[in-house]
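> here is my input, please return the structure:
(one chain, ligands or ions: 2)
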Amino acid sequence: MFDVKKKAAAPKVDNYFGSDDDETCAPCVPVSMQASWCGNPVSRPSALEIQSCAAVLPPELWTKVWDGLAQGFFTKGFPTIDRMEGACKCGKLGFEVTGILVASFQCHCHMCRRYWSQATPTPTLWVRPAHCLTVTKGEEYLGSWTVEKLSRNLRGQATVQFCKACGTNIDVNFSDPAGDFALMWPNNFKYDEWGDISGKGDKARHGYAEMFKPRFHAHYENRAYDIDDSLPKLADIWMEGLPMMNSQGDIIGEIKYPLPGFENGWMEAPTGSKPQEQAKL
Ligand SMILES: [Zn+2]
Ligand SMILES: [Zn+2]
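Ligands and ions are numbered 1, 2, ... in the order given. I've put the predicted structure just below:
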């Protein structure tokens, strides 16, 4: 059991995804296999140019990751994303996404802070399959770069796609074949605006999608500052037995499935945005 009084300043949390120094270089994934795990390699060749030997997580660990999402949060199934449109900030690059939402959370991890969103907490989406995104406009503006060596959370490489004109990050794919999801950010999607949309003044508000509302915090032990909301705070990720924290980072228990509030599925779980009826957020 965890000591409730234990302070977060030195939480001894075993990182489920291991540390930097225990990486082993698993057999390289053949290029042919890399093309097959995405399902639709046609629209985004740049993301498939992952050639070098990259470490992977054990498949059984990935199984636990996906099972944990299903049993921990999405007890009534995963919501479908059907041709949802998005765009970069300058609008030159348009895309649409069709797949299933497998996670939406406030992420405090090293990668969000260092490589892509660069602020924490980061509203983060995990969407399957990995190549659920299709560029619909301005493909010539789609650029990519590869994080050669990720640390801690995911090993191997990550290919980040972005708009070459305005720098908006669009999505991330991972070299680990079992990491078959796309990482995205909810604010790149198009939503109805509400409020004063006359163009005069600044009262117009960007909408949101109910299913994308973050419903928990992950990697809370790595937070930049305490978050005083009511969402569950996972010290690391969602594997059963890993620590849960309070806003101050004290360990208050361990993860059991389903997580509190998720008994009736993702869409019925609290989002922490109160009052619910306030506008269309
Ligand atoms: Zn752009
Ligand atoms: Zn993250």
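> going by C-alpha atoms from here, please, whenever you check contacts or count neighbours.
Will do.
> the residue in the stretch 101-250 of the chain positioned nearest to ligand 1: how many residues sit nearby?
Nearest residue of the stretch 101-250 of the chain to ligand 1 (Cα to the ion) works out as residue 166 at 4.0 Å. Residue 166 has 14 neighbours, counted by other Cα atoms under 10 Å.
> next helix or strand past the longest helix along the chain?
Assignment by DSSP state H gives helix 59-72 as the longest helix of the chain. Once the chain leaves helix 59-72, the next helix or strand it forms, by DSSP states H and E, is strand 80-87.
> just to revisit the earlier point, if we look at the longest helix of the chain, which residues are touching it?
77-78, 102-103, 178-179, 238-240, 256-259, 262 (Cα atoms under 8 Å, 6 or more residues apart in numbering).
> out of the residues you listed, who's the most crowded?
residue 238 (30 neighbours).
> the closest residue to that one other than its chain neighbours and residue 103, how far apart?
Spatial nearest neighbour of residue 238, chain neighbours left out: residue 68 (6.2 Å); criterion: Cα to Cα, 6 or more residues apart in numbering. Distance check for residue 68 against residue 103: by Cα to Cα, to the nearest Å, it reads 11 Å.
> what's the answer for residue 169, then?
From residue 169 to residue 103 the distance is 18 Å (Cα to Cα).
> please apply the same query to residue 117.
Here the distance between residue 117 and residue 103 works out to 17 Å (Cα to Cα).
> quick revisit: pick out the most distant pair among the contacts of helix 59-72.
Taking Cα to Cα, the two most distant members of these are 178 and 262; they sit 25.6 Å apart.
> of all the residues in the stretch 51-200 of the chain, which ones are close to ligand 2?
Within reach of ligand 2 by Cα under 5 Å from the ion, the stretch 51-200 of the chain has these residues: 107, 109, 112.
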